[in-house]
Every structure is written in structure tokens, then in C-alpha cells.
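Asker: Give me coordinates for this.
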Amino acid sequence: MKTYLVGGAVRDKLLGRPIHDRDWVIVGATPEQLRQQGFQAVGHDFPVFLHPHTHEEYALARTERKIGRGYHGFDCFFSPDIRLEQDLLRRDLTINAMAQAEDGEIIDPYGGQDDLHAKQLRHVSDAFREDPLRVLRVARFAARFAGDGFRVADDTMSLMTEMVHSGELNHLTAERVWQETHRALNENHPDVYIEVLRECGALKVLFPELHQLFGIPQRPEYHPEIDTGLHLLLCLQVAARANLHPRVRFAVLLHDLGKGITPEAILPRHHGHEERGLALVTAVCQRYKVPKDYQQLAEMVCLYHLECHRVVELRAATLWHKLQKLDAIRRPERFAEFLLACQTDVRGRLGWEELPYPQAAYFQQARDIAAQISTQHLNQQNLTGAALGTALAEARIDALDLFKKHYHATHSR
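Answerer: Below you'll find the predicted structure:
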């Protein structure tokens, strides 16, 4: 029985990157032998065990055979006779198909180290085409390693394109698509994830609402980059550089979906794209079973990002109305994320990356001023029910009006 460190831990060690998770493969053992040593079985479809002390994952060497469509369409075979090279052959990319023996020797039967030096993401074998999830995984790895100069190898991109055209991606579960997309959004270059999916045709299949943004023009005085799809990529770059939470990045990803269905007759204007986009945002979230908090923020950013851009111009009553719509008093954390997404929308434009965005501070101050006024300030009036609610709203509007007048007087000097 021999144990090998495999996959991402070996890759990241060779790259000099931090190692967060370690996966192990055991050759020459049976499940019974591992149980006798205190390993706990956790795999349902194939033999994966948790180490009795470290709780790291150990898998028996195995091979797989395609028996159906989609991510789950595999038959797994394992025995003590399966060699390490056979196990590594079933992996996705050569840089993930290396192992390290207990004495430190690197086992690299498929050229992973060469591809690390060449900075390319290349599939191990033609078996790659059997798992459609690997299209998304390669795009995610491209997003992770883009800063180091990695790119998808031409033959791998061609293979991914063939897989898309074969219809294999239609068999992916919503949960797996969301899981890979969510992880990709949190990488240093989430825009590359979108670009790779678009290049191989997967974006059109999985996210047609995003695909149709590319090639749609915008007014150059507001969007020097002109193309709506390019604006999306720039926004993701800004969000990543600011290290924003993936929930905010997801909202940024979907904020302009309405521009993809703007009537051609009014282009490059996009009047009403916020309202048009709301149904598309909701559809994407429901299709991929996106968490509720992600969906709520994405819908708010889609519907109200332009209101945030012109918040300084709003009358006090309108300002209070927008704060109510955003539930800003009760949900200050989400409101703060809304402001970050709106700022990202402005800075995700060619040459505007460092543009000041005073609207965020203004909107935040307005929220804080309104929140300071509560029913306790109105107790002396002995109001109840609807009358109390009306008086509270009026008091908040009056306070916002004073704030607005002071702000404009200060900033007009």
C-alpha cells in the first residue's frame, strides 16, 4: 500500500503558492484495510475516506467509464491492482495530474511540469470530453491563474468547443453550474471566466443573458468602452481589484442584463434597461438556484443602480422613498454592498477606473440621518398607527431636506 499527495496541492507547491487543501490517493489497498486503520468512509459513488487524525481526504486509486450523459454519468472501478498512472489519467488538466510520493519524488506521467513552465492549461486525455463540468472548471482555473500568465491551450479550447456543440452542457445540474460560477467569481480574474466560456460557446448555452450583452453599443460619453460586454468585464476587474465579496461581484455580473434586450431602434441609448433587466436577473437566479441573499442584492442593483448614480439630484421625499425601497434602514449591511456595486458600475468603464464616486458617501449619509430619527422622537405627540408612520416619514424627509440643502451649499462654494 502506497500513499501519494495528488492534484492541486502538488501543483500549488511547484508554483510556490499557498496550499489550502491536500488530497491523497492510496494505491494497493482495499476499503476494508482502510476501515481497519480507522479511516471513515464518506464517498457515495467512489471510495473516499477521511484520515482518522488529520481528517484529510484519501481516495483509493480508481478508473472511470462513461455510461451516461452529464456529470454523474460515470461508472467507477477501483481495486488494489490499479496503478497511480491510471488514476491520474482520468483527471482534467495536466497540471492537476501530478503526484508526490512519500519520499518527495514528483510523479508526472502527462507533462504537468512542462505545462506549468509553458503556462498553459491543457487536458490530460480525450477522456476530458466525457465530463461537461470540466468546461467550467478550466474556465475557473483560467480565472485563477490569469495573473500568472496562464492561458487555455488551443487544443483544449477546441475540445471544449466541441463539447459545447455536442449538447453535453445541457446535462449539467443547476447546483454544479452555480458552484463553479460562484468559485470563479471569487478568483482574482473573474472576467477571464466569462471570456473563456464565451470563447468556447458555453456562455451562450449557460448564460445567454450575458452572452447577448457583447456587441451591444452604449453612449460613448458615458461608456468610452462602448461595448456593453466589455463594460461587464471591466466591472468584474474593478470588483476583483477591490476584493469585493462574491455576493457583490454577482450583482455586478448581472446589473446590466436589460441592455441585452434594448430595442434596436433606440440604441445606443438604454432607457428603461433597469426595469427590463429585472426579470432576466430573477430568471438567472431561479435557473441556478442562487442563494436568496445573492438574488436580492442582484435585483436591487439591477433596478436601482442609476438612481444611485444621480442620488445627489433627488428631492428629499424621493430620496426617502429610495431608501425605503432598498430597505436601507433595516438592512445597513446589504445597503453598503449595494453602494459598492454601484461604485463598481461607474468605475468599470474605460479610463474611469479611479473616478471618484461621492454618490456612495452621500447616499450613506442620507441613510444614517434618516435612521437616527425614530418613533421615540415623536412620543410627545401621542401618535399611533398610521398617523405615527406618516409623522415619522415626514420627520425623516425634513431631516433629509436639511441635509440636502447643507450638502449643496457646501459643495457649491
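Asker: show me where the stretch 51-200 of the chain has strands.
Answerer: Using DSSP state E, counting those that start in this stretch, the strands of the stretch 51-200 of the chain run over 57-60, 62-66, 74-78, 99-100, 106-107, 120-121, 151-152.
Asker: Columns distance to Pro358 and mean pLDDT on top of those, output as CSV?
Answerer: Just so you know, the C-beta spots here come from the backbone N, C-alpha and C atoms, and that holds for glycine as well. Below are those laid out as CSV (distance: least, Cβ to Cβ, whole Å; pLDDT from 0 to 100):
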stretch, distance to Pro358, mean pLDDT
strand 57-60, 50, 90
strand 62-66, 56, 75
strand 74-78, 55, 70
strand 99-100, 53, 97
strand 106-107, 54, 97
strand 120-121, 42, 98
strand 151-152, 39, 98
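Asker: Save those as JSON lines, and put in mean neighbour count and distance to Cys235 too.
Answerer: Formatted as JSON lines, the strands of the stretch 51-200 of the chain follow (neighbours: other Cβ atoms under 10 Å; distance: least, Cβ to Cβ, whole Å):
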{"stretch": "strand 57-60", "mean neighbour count": "19", "distance to Cys235": "36"}
{"stretch": "strand 62-66", "mean neighbour count": "16", "distance to Cys235": "39"}
{"stretch": "strand 74-78", "mean neighbour count": "15", "distance to Cys235": "37"}
{"stretch": "strand 99-100", "mean neighbour count": "22", "distance to Cys235": "40"}
{"stretch": "strand 106-107", "mean neighbour count": "15", "distance to Cys235": "40"}
{"stretch": "strand 120-121", "mean neighbour count": "22", "distance to Cys235": "25"}
{"stretch": "strand 151-152", "mean neighbour count": "20", "distance to Cys235": "22"}
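Asker: Which stretch among the ones you listed approaches Ile266 most closely?
Answerer: Comparison of those against Ile266 by Cβ to Cβ identifies strand 151-152 as nearest, at 37.3 Å.
Asker: For the residue nearest to the spatial centre of the chain, give me its contacts.
Answerer: Among the residues of the chain, the one closest to the centroid is Leu185, at 2.5 Å (Cα atoms, centre = their mean). Contact analysis of Leu185 by Cβ atoms under 8 Å, 6 or more residues apart in numbering lists Tyr193, Leu236, Pro246, Arg249, Phe250, Leu253.
Asker: how near is it to Leu210?
Answerer: Note on Leu185: its distance to Leu210, by Cβ to Cβ, to the nearest Å, is 12 Å.
Asker: any common contacting residues for these two?
Answerer: Counting by Cβ under 8 Å, 6+ apart, the shared contacts of Leu185 and Leu210 are Leu253.
Asker: Run through the helices of the stretch 51-200 of the chain in chain order.
Answerer: 84-89, 112-118, 133-145, 154-166, 174-185, 190-200 (DSSP state H, counting those that start in this stretch).
Asker: worst average pLDDT in these?
Answerer: Mean pLDDT values for these show the minimum at helix 84-89, a mean of 93.
Asker: where's that one relative to the chain centroid, distance-wise?
Answerer: Relative to its parent chain, helix 84-89 has a centroid offset of 31 Å by Cα atoms, centre = their mean, to the nearest Å.
Asker: Report the buried residues of that helix.
Answerer: Leu84, Asp87, Leu88, Leu89 (16 or more other Cβ atoms under 10 Å).
Asker: List the residues that contact Val196.
Answerer: By Cβ under 8 Å, 6+ apart, Val196 lies in contact with Val138, Ala139, Ala142, Ala143, Val152, Met157.
Asker: tell me the two of those residues that are most distant?
Answerer: Most distant of the contacts of Val196, by Cβ to Cβ, are Ala143 and Met157, 14.8 Å apart.
Asker: between the two, which one's more packed in?
Answerer: Ala143 (26 against 19; other Cβ atoms under 10 Å).
Asker: Please tell me how far that one sits from Met1.
Answerer: Plainly put, Ala143 is 37 Å away from Met1 if you go by Cβ to Cβ.
Asker: I would like the residues contacting whatever helix or strand Ala9 lives in, please.
Answerer: According to DSSP states H and E, Ala9 maps onto helix 8-15. Outside helix 8-15, the residues within contact range by Cβ under 8 Å, 6+ apart are 18-19, 21-23, 95-96, 98-100, 106, 112-113, 116, 148.
Asker: among those, who's most crowded?
Answerer: Neighbour counts for these peak at Ile95, which has 30 neighbours (criterion: other Cβ under 10 Å).
Asker: my guess is that one contacts Gly112, does it?
Answerer: Yes: contact criterion Cβ atoms under 8 Å: Ile95 and Gly112 qualify, at 4.8 Å.
Asker: Of all the helices of the stretch 51-200 of the chain, which one comes closest to Ala298?
Answerer: Proximity to Ala298 (Cβ to Cβ) singles out helix 174-185 among the helices of the stretch 51-200 of the chain, at 11.7 Å.
Asker: if we can go back for a sec, turn the contacts of Val196 into JSON lines, columns for distance to Ala371.
Answerer: Below are those laid out as JSON lines (distance: Cβ to Cβ, whole Å):
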{"residue": "Val138", "distance to Ala371": "47"}
{"residue": "Ala139", "distance to Ala371": "42"}
{"residue": "Ala142", "distance to Ala371": "43"}
{"residue": "Ala143", "distance to Ala371": "38"}
{"residue": "Val152", "distance to Ala371": "49"}
{"residue": "Met157", "distance to Ala371": "51"}
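Asker: correct me, but Ala336 touches Ala361?
Answerer: No: in this structure, Ala336 is not within contact of Ala361 by Cβ under 8 Å, at 11.5 Å.
Asker: Alright, that wraps it up for me.
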